[in-house]
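> structure of the sequence below:
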Amino acid sequence: MGQKLEFLYISCYNAPCERRKEEVVTAVISKLRSFFLTKSYLIALLIVSCVITTFGLEVAGVIFFVLLISVQLFLCDDILVTTAPFLLLCTTVIKCYDSFDTFVKLAWLGIPLTAGLIYHFVRFRASPHIGVTFWGVVAVAVSITLGGLGIISTKDYFNPVSLFYVLSLGAVMVVLYLLLSGQMSFPREYSVPDYICRIMYTVVLLGIYMVFHAVISVLPTVLETGKLPRLQWSNNVSTLLIIALPFVYRFRNKTLLHLSVAFLALIAMFLSGSRGGWVMGTATYALSAIVFIIYRRHHRALSAVFFFVSLAALCAGVYEMRGYLLSQFVYDAELDKYVFLYSKEPRMRLFERMKNDFSANPLFGRGLGYSGNKDIYDPKKFAMHWYHSAPMQIIASLGITGIFAYCTQIATGLLALLRSVDSFKLCVLCSFTGLWLMSCVNPGIFCPYPYAFIMMMLLLI
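Just a heads-up that it's a prediction; the model follows:
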């Protein structure tokens, strides 16, 4: 009898304890989920990212962000909370050029990340929602997979680097669309467009900081030599700024502050030394400003005045700093002067090679893995044989099939964006346009992570 009473006492005592533990755990998880949606969370991530880039802690940053994403995948039913750490991770590592051997040592991070992805999409599974942009993703996947059919060698097609890009831009992007489209159908107590815009704003601020920090840290040398530092990552930071810049225009309060941030992003592109950023960044800045001046009545006059004044200031600044900016041009020994475009640089030489590559297999092109242009451009480890221009890459690597596929992707994207236009869709439209403009002079949209993935996700949203 005594043993039974003792058992009942222990059971009654333990049951409330277990319930209290569960309640505490549930409360903590709920608090974390809510925190991941706040401005304070984004500010904290921005500060961490600035510390990473200031002290060159990119490897530690990768570990931090990947583990954070892994934890979020286990704890949160909302996949969008992983967007900010993913984009900030991608932004901080752009400074790590030719660093495959460094990051391959972090392959162990794939274990918690893969476990988190599997758990998340099984635990919080949902039926896919097929939108109009899905067919553009499928068309590109088919053309990427068939690229080089009938002409590319087995060695080139099944090269690990080639397979990574073929799968990432093709089948994996289709799978990601299907998984994310189901996740987007979950009810949310917050505005998804507002949350995405805040994340993009954070990316803009980080990009600005990275460029200004790089220039200011060598300012005495800049003033002494009259030359800006050559940032190897200038094209990448400019591409990220071009993608994120339009979202700054969606913020209505403190208009002058937000317009100034957009202008600082443009200045950062100029200081970075990216020739593509100068041209395509200015085009994206102008497009975004004009679109929102027309669309939004709120502070229209102020926005218009700021736009024209900022362009005038930019022109004056370019003139005053022409010596510094000219140092970013390419020196042509034959002409004995610096030129904006150099006839012997890979982009220009590959333009001629593109014609031959297309003629060799008009229907399917040479394939992404084709290595026959190694004599012009020999990529770094685990990098593609880029033509440094997405249109050229499509024509030469994918042929007519690729041209049709990417036209389909652009058409379905525009159809989704121009149907029932709102301020968020206009941001995505400007971002989409800016990325394609930058892709004309860089790999751009052919980089699966983050550029192609970001645009797929934005169009999906």
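> and the end-to-end length of stretch 242-262?
10 Å (C-alpha to C-alpha, to the nearest Å).
> list the buried ones in it?
Neighbour-count burial for stretch 242-262, counted by 16 or more other C-beta atoms under 10 Å, picks out 242-251, 255, 258-259, 261-262. Just so you know, the C-beta spots here come from the backbone N, C-alpha and C atoms, and that holds for glycine as well.
> equivalent analysis for stretch 181-200, please.
If you call a residue buried by 16+ other C-beta under 10 Å, then stretch 181-200 has these buried ones: 181, 182, 183, 184, 193, 195, 196, 197, 198, 199, 200.
> test my guess that the last one contacts residue 244.
Just to be clear, that refers to residue 200. Yes - in terms of C-beta atoms under 8 Å, residue 200 counts as a neighbour of residue 244; the distance is 4.2 Å.
> how close does the closest residue to residue 365 other than its chain neighbours sit to residue 367?
Spatial nearest neighbour of residue 365, chain neighbours left out: residue 399 (3.6 Å); criterion: C-beta to C-beta, 6 or more residues apart in numbering. To residue 367, residue 399 is 9 Å away according to C-beta to C-beta, to the nearest Å.
> which residues are in contact with both of those two?
residue 147 (C-beta atoms under 8 Å, 6 or more residues apart in numbering).
> where do the strands of the stretch 51-200 of the chain begin and end?
Taking DSSP state E, counting those that start in this stretch, the stretch 51-200 of the chain contains no strands at all.
> ranges for the helices of the stretch 201-350 of the chain?
According to DSSP state H, counting those that start in this stretch, the stretch 201-350 of the chain carries its helices in the segments 219-225, 234-244, 255-272, 275-295, 300-320, 322-326, 346-360.
> among the ones you listed, show me which one is buried the most.
Highest mean neighbour count of the helices of the stretch 201-350 of the chain: helix 234-244, a mean of 27 (counted as mean count of other C-beta atoms under 10 Å).
> now tell me what touches that one from outside.
90-91, 94, 200-201, 203-204, 207-208, 210-211, 231, 265, 268-269, 272-274, 276-277, 280-281, 284, 431, 434-435, 437-438, 442, 444, 450-451, 454-455.
> buried subset of those?
Restricting these to buried positions leaves 90-91, 94, 200-201, 203-204, 207-208, 210-211, 231, 265, 268-269, 272-274, 276-277, 280-281, 284, 431, 434-435, 437-438, 442, 444, 450-451, 454-455, with burial counted as 16+ other C-beta under 10 Å.
> circling back to that earlier point, and the buried residues of stretch 181-200, which is closest to residue 37?
Residue 37 has its nearest neighbour among these in residue 195, at 6.6 Å by C-beta to C-beta.
> let me know the pLDDT of the closest one.
For residue 195, the pLDDT comes out at 96.
> hang on, isn't it packed against residue 37?
Yes - the pair residue 195 / residue 37 is scored as a contact, 6.6 Å apart, by C-beta under 8 Å.
> output the below-cut-off pLDDT ranges for the protein.
1-17, 327, 329-344 (pLDDT under 70).
> for stretch 270-279, measure first residue to last.
Rule used - C-alpha to C-alpha; the end-to-end distance of stretch 270-279 is 9 Å.
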